[in-house]
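Asker: Structure here, sequence nowhere to be found:
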């Protein structure tokens, strides 16, 4: 059995991007129950046990055989395990998901990693399936197998226990969009292309010399093979709550405050002091904006994007930047452009400037962590995007920031390729963003609204 990918899903095939969800655990883990929980989740969500294959002029998901389907991998290891899993790809032609449990030799410390190809998931469905797996595990170790099945599928999941030869495939979100006038979408595409041509955005230059054969300065050795690392910014519950209060008091979103700090930090990595045109790309969840709403348990990428350009100088007021980001994103989400943007996604390979941004700021909002049985505790939960190709030869690129608040604590993950941005560069970038956010947490008066604010 196979299911053809829609044009929007096909875009992810070439990107080879993946969601890496992980939790650090303390206590005892029943590996048999965890393996059974992962099997139950892959039964409930057939896309987790598929591979991508060519299908005519496009691609399709094809079910793996019983011997090929992914199973829980267990091994012994230490702190190096996270980096190893982050850098381990989902090979082309292989399963689109992977689950790994790495346990310390003493057996009371563990790292669980769930990796899912972005062709079949987004951040919300990735978090949902991760939590569903642990719901099922909890039910199994507490003695309720039937309860575990309900937890794994969810009340509105995309599939139930399916026949191995005829699964209930989830429908692509591009086929769930409301009807739109094709002429209006074409006009939107023309306007977007013209805006990208008229206001090209500046990108952050790499601090690592480019590989041999490019424009490496004389006497400077080019970078060798790189790998993915993650620089992380976290705020405790108190500071996270203060950041939310600042945003709420100003009629803004936390996302806009984060985006403003990212833009200001990126601008300081560029030459001069005057205004430069920077771009902020914000993925926008469509699940709650469809009719009927699409549950997070449905394993499909359900994201459109909003790219806005803004002139930023080294002395730009972050509060003004935040209000600009918030106002434009609010207007985008409220109108039809959110649907037009998803419909023009197949045009991106021909017009990459449509999604070329200085910073990419994803934001999952406030989400719950896994519910675990007594005696097992989640010390940390993370969501990090990763991909296969980072193109160090380009010399510059967007900076990715993945924002999520697990259990009321904000975290921003900065994944980067060490042949592009060095770890020291990203640590300094992270520290500047943190300083900007802490300035927002320390305000004693509401942020002023400019006279022309809408």
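Answerer: Thanks, I have it. As the structure is a prediction and not an experimental result, all values here were calculated from the model.
Asker: Only C-alpha atoms from now on, for both contacts and neighbour counts.
Answerer: Fine.
Asker: Which parts of the stretch 51-200 of the chain are strands?
Answerer: Ranges of strands in the stretch 51-200 of the chain, per DSSP state E, counting those that start in this stretch, are 58-63, 73-76, 97-103, 109-117.
Asker: Just checking, which helix or strand of this structure averages the lowest pLDDT?
Answerer: helix 145-153 (a mean of 43; mean pLDDT, DSSP states H and E).
Asker: Now do the helix or strand containing residue 3: distance to the chain's middle.
Answerer: Applying DSSP states H and E as the criterion places residue 3 in strand 2-4. Counting by CA atoms, centre = their mean, to the nearest Å, strand 2-4 is centred 24 Å from the centre of its parent chain.
Asker: got it, and stretch 2-14?
Answerer: Worked out by CA atoms, centre = their mean, stretch 2-14 lies 18 Å from the chain centre.
Asker: buried ones in it?
Answerer: Residues of stretch 2-14 classed as buried: 2, 3, 4, 5, 6, 7, 8, 9, 10, 11, 12, 13 (neighbour count, 16 or more other CA atoms under 10 Å).
Asker: remind me which residues of the stretch 151-300 of the chain are low pLDDT?
Answerer: Applying pLDDT under 70 to the stretch 151-300 of the chain flags residues 151-165, 211-224.
Asker: thinking again about what came up before, ok, and what's touching the helix or strand just after the strand holding residue 3?
Answerer: Sequence-wise, the next helix or strand downstream of strand 2-4 (DSSP H and E) is helix 7-15. For helix 7-15, the surrounding residues in contact (CA atoms under 8 Å, 6 or more residues apart in numbering) are 58-59, 118-120, 172, 174, 301, 342-343, 345-346, 387-389.
Asker: what about helix 7-15, average pLDDT?
Answerer: Taken as a whole, helix 7-15 has a mean pLDDT of 88.
Asker: between that helix and strand 109-117, how big is the angle?
Answerer: 120 degrees (axes from the mean of the first three to the mean of the last three CA atoms, to 10 degrees).
Asker: right, and the helix or strand after helix 7-15?
Answerer: Heading C-terminal from helix 7-15 (DSSP H and E), you reach strand 17-27.
Asker: Tell me how many other residues crowd residue 395.
Answerer: Neighbours of residue 395 under the rule other CA atoms under 10 Å: 20.
Asker: no no, residue 241
Answerer: Neighbours of residue 241 (other CA under 10 Å): 16.
Asker: Nearest residue to it in space, please, no chain neighbours.
Answerer: Among residues not flanking residue 241 along the chain, residue 408 sits closest, at 7.7 Å (CA to CA, 6 or more residues apart in numbering).
Asker: Quick check: the nearest residue to residue 68 once chain neighbours are set aside vs residue 1, distance?
Answerer: Using CA to CA, 6+ apart and skipping residues adjacent in sequence, the residue nearest residue 68 is residue 95, 7.7 Å away. Distance, residue 95 to residue 1, using CA to CA, to the nearest Å: 15 Å.
Asker: Looking at these two, which is more packed in?
Answerer: The neighbour comparison of residue 95 against residue 1 (other CA under 10 Å) goes to residue 95, with 23 against 12.
Asker: so that one makes contact with residue 67?
Answerer: No. Between residue 95 and residue 67 there is no contact under CA atoms under 8 Å: 11.4 Å.
Asker: May I ask which helix or strand encompasses residue 404?
Answerer: Going by DSSP H and E, residue 404 is in strand 399-406.
Asker: follow-up on the earlier one: now render the buried residues of stretch 2-14 as TSV, adding distance to residue 25.
Answerer: What follows is these, written out as TSV (distance: CA to CA, whole Å):
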residue	distance to residue 25
2	37
3	36
4	38
5	36
6	38
7	39
8	36
9	33
10	35
11	35
12	31
13	32
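Asker: Show me where this protein has its helices.
Answerer: 7-15, 31-44, 81-86, 123-141, 145-153, 182-198, 237-249, 254-267, 318-334, 337-343, 423-441 (DSSP state H).
Asker: Show me what the fourth one is packed against.
Answerer: In terms of contacts (3 or more CA pairs under 8 Å, 6 or more residues apart in numbering; DSSP states H and E), helix 123-141 is packed against strand 17-27, helix 31-44, helix 145-153.
Asker: Out of the ones you listed, which is closest to residue 430?
Answerer: Residue 430 lies closest, by CA to CA, to one member of the helices and strands packed on helix 123-141: strand 17-27, at 20.1 Å.
Asker: List the buried residues in the closest one.
Answerer: Buried, per 16+ other CA under 10 Å, within strand 17-27: 17, 18, 19, 20, 21, 22, 23, 24, 25, 26.
Asker: follow-up on the earlier one: need the helices and strands packed on helix 123-141 in a markdown table with distance to residue 125, can you?
Answerer: A markdown table is the format used below for the helices and strands packed on helix 123-141 (distance: least, CA to CA, whole Å):
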| stretch | distance to residue 125 |
| --- | --- |
| strand 17-27 | 10 |
| helix 31-44 | 12 |
| helix 145-153 | 12 |
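Asker: Figure out which of the ones you listed is closest to residue 106.
Answerer: Here strand 17-27 is closest among those (CA to CA), at 10.4 Å.
Asker: outside of that closest one, which residues touch it?
Answerer: With CA under 8 Å, 6+ apart as the criterion, strand 17-27 contacts 86, 90, 107-119, 121-123, 126-127, 130, 375-388.
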